[in-house]
Every structure is written in structure tokens, then in C-alpha cells.
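>>> only the shape, not the letters, is given here:
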């Protein structure tokens, strides 16, 4: 069992979807992904919060076994994001962003934390991602997330980080922005030449596709009777993914496939409630039940030709 | 091994896609689906062609073991469709339709053909679909296809046929049009209450979903390096699907899953060439190779929780 270091935003979100709304719920990429990873392995979370950060939220993270020693408390407000989703819930529309203390986020990794083998860099400015990587000592496996914003405004910096990562998680639009390639599979292969040996393309309700040394693999999304709020699905996916690998302490083609499935399974809980509520309430029994359903749904029988 | 009766259009198509164009290539729903079904079981094809129908095309169909005794020759032109696809190739845009002899298509099923156990009704006017069904004697398994046009202009007639079918093949838009339900899974369940015990939702590049007595099942689409022309993919899918079941001579939850996979596998060849060319050239070796690749791509390993 290895530890996971997770760097990213900690936020309060104001959310509105066709199924309701919720304000100032705990969110942020580091929060979703740390909660997901903590189901499988010890997590060290790196982030920044303001004076308004609730003691009960910090206690909840710790109760999940998440080490928050590198979550700094700064004077000011915690990052606040307000957004809404239309009927198809494919795209988040931003109404308001208040960066607060996150504007001065400057992750310092010190001491034994520098030797944590599994690293997840959530979608923050690539210069900060690089700064974290430069502080780490021989990480075993580095997973990178990004977003269209960073591809559009800081592409050269992003390409530099990309060269230092083992795996990048992207959606199909990001593949196109990064590679200029319209065909998803060709784009993924182009990305593999830009640094990361393994590429995961998240396709939302259509699942996730893995392009790695072991070949191409698809894990369909979990079919859901209802979805309440898609916020954090991608971060949950990445957190569960790297947590699953860290628990094994190694990365093999077979474990990569299993980790993708686990990412889909855990993310399927996140979208069924507002904020981090359902992922924080997730337990082994619920996960086992969903995994069994999933295997009935997605297992491919042999055909006779 | 049972026989399959297939009723639908036989056409010459003028096609333009981002990857090229081809005029007056052999097409039509009955053609694609009969060629696909003939890989697995004897096929009796029901359709109409005009004076311009090439002897070489008829010979090709017969060479594939397709019985064309119920394909009538009428004075006039064979159904001609001209269309094009934009970059994403999701939607066919019609440029020209010349119904020709198809306008007077009036399928007559006589003699022993009335006892053929497996029946595929391609997307023609629901009154014609009903007429065929009324001529059949105790069919074992009836598969129905339709399209937005028939849902929009002849819904009552379509709903009547639907009650007499065992399985309907639809896309997500058709599910919404037929049931008014936006959520795909709820829509599929609503459809199951309208007649067919089993519903297949074709999701194009995202595969096909089966809702049946054995539960819900997804077969992802075959990942392809290139797609040339999507015309006929759905018909090929349905033809291979029913042909696979007819070869087994029975329908079980397990065979239904296998048949969906086979539909995807065979359809993946159709889209790699213009018209029926690639499906007509398909053989067992090519299919076996693709099935092996597919299983590597889509087989879901067990996860440890």
C-alpha cells in the first residue's frame, strides 16, 4: 500500500441543476479526489482554505483518513464557485468565481511528503503543477488533469508538465485543443507522444477510454436511474483511479483497467447528490453492490463466429 | 438453424462524406440487413427493384445465399437516395429522394415463407410492416426498426405494429419521440410497456444498449481507426443481430447479448467503405480477428473492493 499526494482546489460551491440547488457546499478538485482516493489508500491533501472554512468540513476530511497537514489556512475567503447546468448537464456554466485565498495558492511540499510515490495534480495552473513536481523526489506515478482554460492560455507551460507525467486525464474537447486532431483515437496517440505513456479520455455518460502500453480499453459509464449534480465527477474519477493504483503499490496494464472501472464506479455516486455529500457517505457495501450491477451490465460474453 | 425474413428498401445511393463520395452504389435497408444476416443464417429478402437494377447486384445477393424470390421487379426506377454527411457523420442530410418503384411497394408473403420464424421489419411505413405481420403465421421473433419520419406522421399505426413485435431497435431521439421521456433508461422501460419485451437503443459511436427480460446490457461500439461512410450501419446491426439469433434457432438473455455484440462487430465493417461493399466482402477470418480485438478492448476485469 502506497500513499497518494493530491494537489488542487478546495472550494465552496453554489450549484444549480435541473434537479435542485445547493449553496456553499464543500467542493473543489482536491476535495472530491481526496475523498475518492481515501477509499483505497492514505491521502495527503495539498490545498489552501480561508477563515470561512468550517471546522466540521476539516474534521470530515480527517475522519476519512485524509492527512490535511499541507492544507494551509490563509486570511481571506475560501475559493467560491457558483454555476449551473442546463438540462443535458454536459456543460457547467459559471455564474460567479471568487478565487479568494486560492489566488495566492503556492503549494510547498516538504519533508517526507516529497517521497510520496503516487501524485495527482488536479487542474490548476501548470506552473504550480510543475512547482509541485519539482519538489517531489522520484515519484513513481504522476497523474495530471487540466482544463480548456489552461490549454488556451498557458499551453507552453502545460506541455512542459505533460512531459513529466505518466498519465493525463482529458475529455474529447481537450484532446482536440491539445493535439489539433479531430479523431479521438489519433488524438490520444498524439498525446502519448507528448509525454504521458498512458492517456485516459473521459467521455461523460459514455464512460472512459484508456490508451496505454497494454492497448486500448473502454469502461462504459455506470447506467444511472437519476443524476442530481455532475460537479466533481471527473475529480472523483481521478481520485478513485489513483487511489486504487496506490493501494496495489504498482501499475500494471491490468491494474490500469481495473482502476478505470473503479473511477467510473465511485464517480457514479458523486453525481447522485450535491457536492461531496454522496462520496463522503460512500462505503464498501454500497460500492460492492454497484460493482456487481456494473459487471452484469458491462461484461462482454464471447460470441460464436 | 432457422431462416430469417427481411422486409425493407432496396436502393441505389448517392453518398458524400468527408472521406469521399460514390454514386449509385447498392444500398437500402433490406440489402444491408440481408447481407449481414446471411453471414449466419439463410435469408429470404422481400423488396422491390426497378428495370435499372443491375443483374450483377442480384447475382451478388444470391451468391451470399440470399433468397430473392420475393424481391419483385417492377417497371420504373429503383429507389434512389442522395445524401451527405458533415464532419461528425452523425446525421445524414438528404439531397434528393426518388422513390421510384418503392412508392408502390406492397409486400406479399406467400406459401412457406409465411412460416419463417425470424422476421426483421426494416424502417418502412408501419401499415406495410403490419401487412407483412398479418401475413406471417406464428412468427417466433419479430424485430422492428423505424425512423423519426414514421413516428412523426404515422404514430398510431406504428404503435399498433409495436404491440405485435418482440424487439424494437431505436436511437435515443426516437426513444424520446415515442415516449416523451428524456431519460434514456426510463424511455426504454416505457417502450417495453408499449409491446416489445426487449428494446435496443443504438447510440452510434457509443455502442448499443439492450433492455430485456435479462436486464440491461451495453456493448460499446468497436473503436475504429477510420470511418468512411456511416450509411447502413443501423441496418447492418439489425441484420447481423437477427441472423445470429436465427442461427441459434432460439432467443435467450445470453444469446441476445451475444447478438448485440455481433451487430456491433459486423456494422463496424459497413462504415469502413461506401455502400454495401465492405459488408459484401466480409468473411469469417476478418470477423474473427475483429472479435478478438474487440474482446481485448471491451472485456471488463473484476475489481477488488
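That came through fine. Because the structure is a prediction, the values reported are computed rather than measured. Numbers count the residues shown, from 1 in each chain, chains lettered A, B, ... in the order given.
>>> up against chain B, what does the stretch 101-250 of chain A have?
A:182-183, A:185-186, A:203, A:206-207, A:209, A:215-220, A:223-226, A:244 (CB under 8 Å from any CB of the partner chain). Every C-beta, even on glycine, is put in place using the N, C-alpha and C of the backbone.
>>> go with 6 Å
Contacts of the stretch 101-250 of chain A with chain B, taken as CB under 6 Å from any CB of the partner chain, map to A:206, A:215-216, A:218, A:220.
>>> in ChimeraX, select just the buried ones from the residues you listed.
Buried members of those can be picked out in ChimeraX with the line below, counting by 16 or more other CB atoms under 10 Å in any protein chain shown:
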select /A:206,216,218,220
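>>> what about residue A:254, neighbour count?
Residue A:254: 11 surrounding residues under other CB atoms under 10 Å in any protein chain shown.
>>> which SS class is it?
On the three-state scheme (DSSP: H, G, I helix; E, B strand; the rest coil), residue A:254 is labelled helix.
>>> how about the nearest residue to it, chain neighbours excluded?
residue B:301 (6.4 Å; CB to CB, 6 or more residues apart in numbering or on different chains).
>>> my read is that the one you found contacts residue A:259, right?
No. Using CB atoms under 6 Å, residue B:301 is not in contact with residue A:259; the gap is 10.3 Å.
>>> list the contacts for the residue of the stretch 101-250 of chain A found nearest chain B?
The nearest approach of the stretch 101-250 of chain A to chain B comes at residue A:206, 4.5 Å away (CB to the nearest CB). When contacts are counted by CB atoms under 6 Å, 6 or more residues apart in numbering or on different chains, residue A:206 is found next to residue B:206.
>>> and the nearest residue to residue A:8 once chain neighbours are set aside, how far from residue A:7?
Nearest residue to residue A:8, sequence neighbours excluded (CB to CB, 6+ apart): residue A:122, at 2.7 Å. Distance, residue A:122 to residue A:7, by CB to CB, to the nearest Å: 6 Å.
>>> from the centroid of chain A, which residue is nearest?
residue A:235 (2.4 Å; CA atoms, centre = their mean).
>>> by contact count, what packs against the host helix or strand of that residue?
If you go by DSSP states H and E, residue A:235 is part of helix A:233-248. Contacts defined by 3 or more CB pairs under 6 Å, 6 or more residues apart in numbering or on different chains; DSSP states H and E place helix A:233-248 against strand A:4-7, helix A:29-37, strand A:118-121, helix A:253-270.
>>> and the ones you listed as CSV, adding distance to residue A:87?
Below are those laid out as CSV (distance: least, CB to CB, whole Å):
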stretch, distance to residue A:87
strand A:4-7, 32
helix A:29-37, 23
strand A:118-121, 31
helix A:253-270, 20
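>>> tell me which of those is the most buried.
helix A:29-37 (a mean of 32; mean count of other CB atoms under 10 Å in any protein chain shown).
>>> quick one: that helix to helix A:253-270, angle?
For helix A:29-37 against helix A:253-270, the angle by axes from the mean of the first three to the mean of the last three CA atoms, to 10 degrees is 110 degrees.
>>> could you point out the helix or strand that follows helix A:29-37?
Per DSSP H and E, the helix or strand that comes after helix A:29-37 is strand A:43-49.
>>> what's that next one in contact with?
Outside strand A:43-49, the residues that reach it (CB under 6 Å, 6+ apart) are A:4-7, A:10, A:30, A:34, A:37, A:66-68, A:70-74, A:78, A:101, A:105, A:107, A:113.
>>> what pLDDT, on average, does it get?
If you average the pLDDT over strand A:43-49, you get 98.
>>> off-centre distance for the helix or strand just after it?
Heading C-terminal from strand A:43-49, the first helix or strand you meet, by DSSP H and E, is helix A:55-63. Averaging C-alpha positions (CA atoms, centre = their mean, to the nearest Å) puts helix A:55-63 20 Å from its chain's average.
>>> got the buried residues for helix A:55-63?
A:57-58, A:60-61.
>>> reformat the residues you listed as a markdown table; add distance to chain B and pLDDT.
Formatted as a markdown table, the buried residues of helix A:55-63 follow (distance: CB to the nearest CB, whole Å; pLDDT from 0 to 100):
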| residue | distance to chain B | pLDDT |
| --- | --- | --- |
| A:57 | 26 | 98 |
| A:58 | 28 | 98 |
| A:60 | 22 | 97 |
| A:61 | 22 | 98 |
